[in-house]
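# predicted model and sequence follow; I will ask about them next.
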Amino acid sequence: MPALTTALRNEYQQLFDSCQILPERQALVNQMTQQLRNAEARYRGVADPLGIPWYVVAVLHAMEGGLDFKRHLHNGDPLAERTVQVPAGRPKVGTPPFTWEQSANDALRLDRYDSWSDWSVPGILYKWEGYNGWGYRSYHPECKSPYLWSMSSHYSRGKYVADGTWSPTAVSKQVGAAALLRRLAELGLVDAPSFASTANDAQLARALAKSSAALRYSPAKVLPGALELQQFLNRFPGIFLREDGKLGDRSSEAFQQVFGHYLQGDPRDA
């Protein structure tokens, strides 16, 4: 297992900051994100007592259980019995059938989520990649783990189709954990801190502010230069915009965070 070094933290942060959900997968990612939000209270029931952000548990549930509350969080096996797949025989305590909460609590403690305290973006991605395994990073570093990045701009193909069986052409059909987290962040639902700033060039910021003076608040229309502005704003820690060229509320809020005022035409810029 690799250590969470400064270099690895920076890698995770850079990938997350530049991550964009593939346009043809937006509808599916939005649908799954809404399902996570609908069940937030249930996720919090397990996450809050352990000191874990609710969305960390929610995304794990999407990855391991397909959002089915009748399956173990460990690996998606049915709750009617102890787990059969790795890790097998869980939970060790209690009698099946288990509730989803019993299983989730056991899975999180087994993987030491209850003793993990780094809930920054890199800290979360590190725990998720470890939950799935380090095979991609160790043996196929040319392919970013689809467990994290599937259906985002950082993944196209390559997949383990069975334990130890690699296919360079297989394509994951599962929404990646980082893609789900990115969408939740775009909706303002993630409070995980960034690790490092990649946007410290004040001169560039001033130049962009001057050149973007003609850009206006435009939630429904793509404007020339708007995409470039969103790409620039996404370089700042804590800002996660969908890069679609439409300057709506989220883009205007990010602009205000960086430059001190909302975009021209924003009703809040009074």
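Everything's here; your move. Numbering: from 1, shown residues only.
# neighbours around residue 220, how many?
7 (other Cβ atoms under 10 Å). No exception for glycine: its C-beta is placed from N, CA and C like everyone else's.
# once you drop chain neighbours, what's closest to it?
residue 246 (6.7 Å; Cβ to Cβ, 6 or more residues apart in numbering).
# show me where the stretch 1-150 of the chain has helices.
All helices of the stretch 1-150 of the chain, identified by DSSP state H, counting those that start in this stretch, fall at 6-18, 26-38, 40-50, 54-65, 100-110, 121-132, 135-139, 146-149.
# for these, which one sits closest to residue 235?
Distance to residue 235, taken as Cβ to Cβ, is lowest for helix 6-18 among these, at 6.7 Å.
# ok, residue 220 touching residue 247?
No: between residue 220 and residue 247 there is no contact under Cβ atoms under 8 Å: 9.9 Å.
# and the residue nearest to residue 220, what does it touch?
Residues near residue 246 by Cβ atoms under 8 Å, 6 or more residues apart in numbering: 218, 219, 220, 221, 222, 223, 226.
# hmm, back to that, nearest to residue 160, of the helices of the stretch 1-150 of the chain?
helix 135-139 (6.1 Å).
# helix or strand with the lowest mean pLDDT in the chain?
Ranked by mean pLDDT, DSSP states H and E, the weakest helix or strand in the chain is helix 202-211, scoring a mean of 53.
# what's the mean pLDDT across the helix or strand just after that helix?
As assigned by DSSP states H and E, the chain's next helix or strand after helix 202-211 is helix 226-233. Helix 226-233 shows a mean pLDDT of 85 in the predicted model.
# now stretch 181-188
93.
# mind listing what's buried along it?
Neighbour-count burial for stretch 181-188, counted by 16 or more other Cβ atoms under 10 Å, picks out 181, 182, 183, 184, 185, 186.
# if we can go back for a sec, can you list the helices of the stretch 1-150 of the chain in TSV and add mean neighbour count and distance to residue 236?
Below are these laid out as TSV (neighbours: other Cβ atoms under 10 Å; distance: least, Cβ to Cβ, whole Å):
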stretch	mean neighbour count	distance to residue 236
helix 6-18	17	9
helix 26-38	15	23
helix 40-50	16	27
helix 54-65	24	21
helix 100-110	20	32
helix 121-132	21	13
helix 135-139	15	27
helix 146-149	25	22
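# nearest to residue 163, of those helices?
helix 135-139 (9.2 Å).
# residues making contact with that closest one?
Contacts for helix 135-139 (Cβ under 8 Å, 6+ apart): 2, 129, 143, 144, 145, 146, 147, 158, 160, 166.
# run the chain-centre distance for it.
20 Å (Cα atoms, centre = their mean, to the nearest Å).
# show me the shaky parts of the protein.
Scanning the chain with the threshold set as pLDDT under 70 gives 195-214, 270.
# one more time with 80, if that's ok
In the predicted model of the chain, residues 193-214, 235-238, 258-260, 269-270 satisfy pLDDT under 80.
# what does stretch 13-32 contact?
Outside stretch 13-32, the residues that reach it (Cβ under 8 Å, 6+ apart) are 62, 67, 121-122, 125, 144, 149, 151-154, 175, 178-183, 194-196, 198, 234-235, 237, 240, 242-243.
# isn't residue 33 up against residue 182?
No: using Cβ under 8 Å, residue 33 makes no contact with residue 182, being 9.7 Å away.
# what residues are up against the nearest residue to residue 233 once chain neighbours are set aside?
Computed as Cβ to Cβ, 6+ apart, the closest residue to residue 233 that is not its neighbour in sequence is residue 254, at 4.5 Å. Residue 254 makes contacts with 233, 236, 239, 241, as judged by Cβ under 8 Å, 6+ apart.
# with residue 43 instead?
Listed by Cβ under 8 Å, 6+ apart, the contact set of residue 43 reads 36, 54, 55, 57, 58, 61.
# please report how far the spatially closest residue to residue 194 that is not a sequence neighbour lies from residue 16.
Nearest non-adjacent residue to residue 194, counting by Cβ to Cβ, 6+ apart: residue 237, 3.2 Å away. Separation of residue 237 from residue 16 (Cβ to Cβ, to the nearest Å) stands at 10 Å.
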